[in-house]
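Chemist: My questions are about this predicted structure, shown below with the sequence.
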Amino acid sequence: MFLYVYVDILNFFKPGVVDDILAGIVHEYDAGPTFLAIGLTLMAIPILMVVLSMTLPARVNRTANLIVASVQIPVAAYNAVGESWSYSYFYGLSIGLEVLILAFILRSAWTWPRRTASPATPAAGLDNEALRTPQQA
């Protein structure tokens, strides 16, 4: 998740980016309420997935990870659209890392077991006479 934020912050160091933002233009789009709402939504998805991955049941979690990772890959690739070749290493590395992590998430979610494990037998307490070992005198 921090990779998304750091790539955006490092992008500010490109000449002219901050001037365009101050003029109300981001990636050739007007930085109005709609753009900001879309940006917030795109940043909220990875944040929510951290929480949802810990709280959702396994079957729903698997489905959510498959859907979200599949949607986020084109979003990550879109960051390079319209950029100059002089920054191709930056975008190649950042998008490559994002896609690599998303591919790992897809593979992990795809290979999760589809059935639940059988519950383990309850552990016997220390009060169970059969488990006690006789002490040597």
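Modeler: Looks like it arrived, so ask away. For clarity, every value in this text was computed on a predicted model and none was experimentally measured.
Chemist: what's the helix or strand for the most centrally placed residue in the chain?
Modeler: Taking Cα atoms, centre = their mean, the centroid of the chain lies closest to P46, which sits 4.5 Å from it. In this assignment (DSSP states H and E), P46 forms part of helix 33-55.
Chemist: distance between that helix and the chain's centre?
Modeler: Relative to its parent chain, helix 33-55 has a centroid offset of 10 Å by Cα atoms, centre = their mean, to the nearest Å.
Chemist: ok so, going back, my guess is the residue nearest to the centre of the chain meets V71, correct?
Modeler: No - here P46 does not reach V71: they are 11.2 Å apart, not a contact under Cβ atoms under 8 Å. (Each C-beta comes from the backbone N, C-alpha and C, glycine too.)
Chemist: residue boundaries of the helices in the chain?
Modeler: Remark: helices assigned in the chain by DSSP state H are 2-11, 17-22, 33-55, 58-78, 88-110.
Chemist: Can you lay out those as a markdown table showing mean pLDDT?
Modeler: As requested, the helices of the chain are arranged in a markdown table below (pLDDT from 0 to 100):
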| stretch | mean pLDDT |
| --- | --- |
| helix 2-11 | 80 |
| helix 17-22 | 89 |
| helix 33-55 | 91 |
| helix 58-78 | 91 |
| helix 88-110 | 90 |
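Chemist: Measure how buried the nearest residue to M49 once chain neighbours are set aside is and give me the count.
Modeler: Spatial nearest neighbour of M49, excluding adjacent residues (Cβ to Cβ, 6 or more residues apart in numbering): V68 at 5.6 Å. Summarising burial for V68: neighbours were counted as other Cβ atoms under 10 Å, giving 19.
Chemist: can you tell me how far V68 sits from V50?
Modeler: 11 Å (Cβ to Cβ, to the nearest Å).
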